[in-house]
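Chemist: Quick one: sequence plus predicted model below, questions after.
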Amino acid sequence: MYRIGQEEIDAVARAIRSKDFFKINGSGREVFRFEEEWKALTGSAHALLMSSGFGALVSALVALGVGPGDEVLVPAYTYIATALAVTAAGAVPVIVETDETLTISVEDAKRHISQHTKAIIPVHIQGFPCDMDAVTALAKTYGLAVVEDACQADGGVYKGRYLGTIGDVGAYSFNYYKVITSGEGGLLVTDDRALFERALIFHDASAVAFFGDQLDNVTQPVFGGTEFRISDITGAILREQLKKLLALIGDLRKNHDALRDMLDGRLTVLPSHDPQGGCPTTLALSFGTAEACRAFTARCAEKGLALTVPIDTGKHVYANWTQIMEKRGALHPAMDPFRMPANAGLQTDYRPDMCPRTLDTLSRTAYAAIDPDWDEQALATAARILNGSLE
Ligand SMILES: Cc1ncc(COP(=O)(O)O)c(C=O)c1O
């Protein structure tokens, strides 16, 4: 969460004072307006606001027809929600190494493609853009669907295109820790009308079937789904947050680049698939060894600058995905993708040491969080600590 205040308070008050903040027939139509405003900004043809980024990922996979019998390629470094979205759809995740940018390695993804592979989920983790040209080319060659997980990259770009708009379907999160936030929330985007309709039906099965005219222009057959609907209170907050997004990304970019340019030449910045793009919430430094990385972060901490070593970030590291590693994909055995007959023989040989390259890169990397509100003095202090922490 970066910038939130009176505008959002007024928006919530507006929604509540309307006494009618049910998304479907709410007089403010805040959710629908937010969807329109997001589409106008990013160029997506369809947008569906819902309760979480996880919900958007599951809805995306369901819309694409991913289910039992399917494998989905996911990177070894992403929040566990990405992998659990795959099991929630009844498919199994195939864990793929990351490259030197800590995003999905397209080379390793290719090695894991089998006759069962249905989709790939490139994750723009920490706002680092994936190599979307290579992902798209791979997907085209092998007939895979691309679900972009842009949950950590709201408003970021890759070669001038908004992250989340490049694949078949994109998912964003607006939980408290994201670039813009409504406490909880998620968004699905796609240019494909049929996928949008299937996601619409799935994400809100009961209301779509009952309220308003939502099904009037839907040509896809209805099916039983789940409930990821959200209220106009969330829509109202996000409309205000969206107004702040571009300035926020601009300030993050400015401070990220300024700090990078102030670094001592002996410090190495992690490479990027779009150094001018991405969603610059983090300046990532790369070290030759895990020991050198630890020693550097300890010296920074002594001087008052807390860095994060991503190997320490719990459920963002595949080796800590207990549910996947121990193959408990659902509460009921008959609904557990790891026990379903349709999934017998798929690639589910998970081991904590299966992606050594990712573990190595994660141990040799340190993140400095970028503050969009740093002034010159704060920037100079951060640069002085980083440069002064070299041996
Ligand atoms: C990469 C990634 N994917 C998916 C999610 C799930 O988003 P949510 O918490 O909104 O369900 C998150 C949230 O932290 C995430 O970081």
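Modeler: Yep, that arrived.
Chemist: Just give me the neighbour total for the closest residue to the ligand within the chain.
Modeler: Residue nearest to the ligand within the chain: residue 53 (2.7 Å; CB to the nearest ligand atom). Every residue, glycine included, has its C-beta placed from N, CA and C. Using other CB atoms under 10 Å, residue 53 has 28 other residues around it.
Chemist: shouldn't it be in contact with residue 151?
Modeler: Yes: counting by CB atoms under 8 Å, residue 53 does reach residue 151; the two are 3.9 Å apart.
Chemist: residues shared between the contacts of these two?
Modeler: Residues touching both residue 53 and residue 151 (CB atoms under 8 Å, 6 or more residues apart in numbering): 81, 171-173, 178, 186.
Chemist: so what's residue 8 up against?
Modeler: 236-237, 240-241.
Chemist: Assign a three-state SS to it, would you?
Modeler: Following DSSP: H, G, I helix; E, B strand; the rest coil, the label given to residue 8 is helix.
Chemist: Quick check: it vs residue 237, distance?
Modeler: Computed as CB to CB, to the nearest Å, the residue 8 to residue 237 distance reads 5 Å.
Chemist: Residue 292 now?
Modeler: 43 Å.
Chemist: more crowded one of those two?
Modeler: Neighbour count, other CB under 10 Å: between residue 292 and residue 237, residue 237 has more, with 25 against 13.
Chemist: Can you give me the pLDDT of the residue nearest to the spatial centre of the chain?
Modeler: Of all residues in the chain, the one closest to the mean position by CA atoms, centre = their mean is residue 151, 2.3 Å from it. What the model reports for residue 151 is a pLDDT of 98.
Chemist: can you map out the strands along the stretch 251-391 of the chain?
Modeler: Applying DSSP state E, counting those that start in this stretch to the stretch 251-391 of the chain gives strands spanning 268-269, 282-286, 365-369.
Chemist: make that the stretch 1-150 of the chain, sorry
Modeler: 46-50, 71-75, 92-96, 117-120, 145-149.
Chemist: Please dump the ones you listed into TSV; it should also carry mean neighbour count for every row.
Modeler: Conversion of the strands of the stretch 1-150 of the chain to TSV gives the following (neighbours: other CB atoms under 10 Å):
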stretch	mean neighbour count
strand 46-50	24
strand 71-75	28
strand 92-96	26
strand 117-120	24
strand 145-149	27
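Chemist: Any chance of TSV for those, columns distance to residue 127?
Modeler: Output for the strands of the stretch 1-150 of the chain, formatted as TSV (distance: least, CB to CB, whole Å):
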stretch	distance to residue 127
strand 46-50	20
strand 71-75	14
strand 92-96	20
strand 117-120	19
strand 145-149	12
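Chemist: right, so of these, which gets closest to residue 218?
Modeler: Closest approach to residue 218 among those (CB to CB): strand 46-50, 12.1 Å.
Chemist: Can that closest one be said to contact the ligand?
Modeler: No: applying CB under 6 Å from any ligand atom, one finds strand 46-50 separated from the ligand by no less than 9.3 Å.
Chemist: just so I have it, where are all the helices in this structure?
Modeler: 6-17, 30-42, 53-63, 80-88, 106-112, 132-142, 193-203, 205-210, 232-262, 290-302, 322-325, 356-363, 376-388 (DSSP state H).
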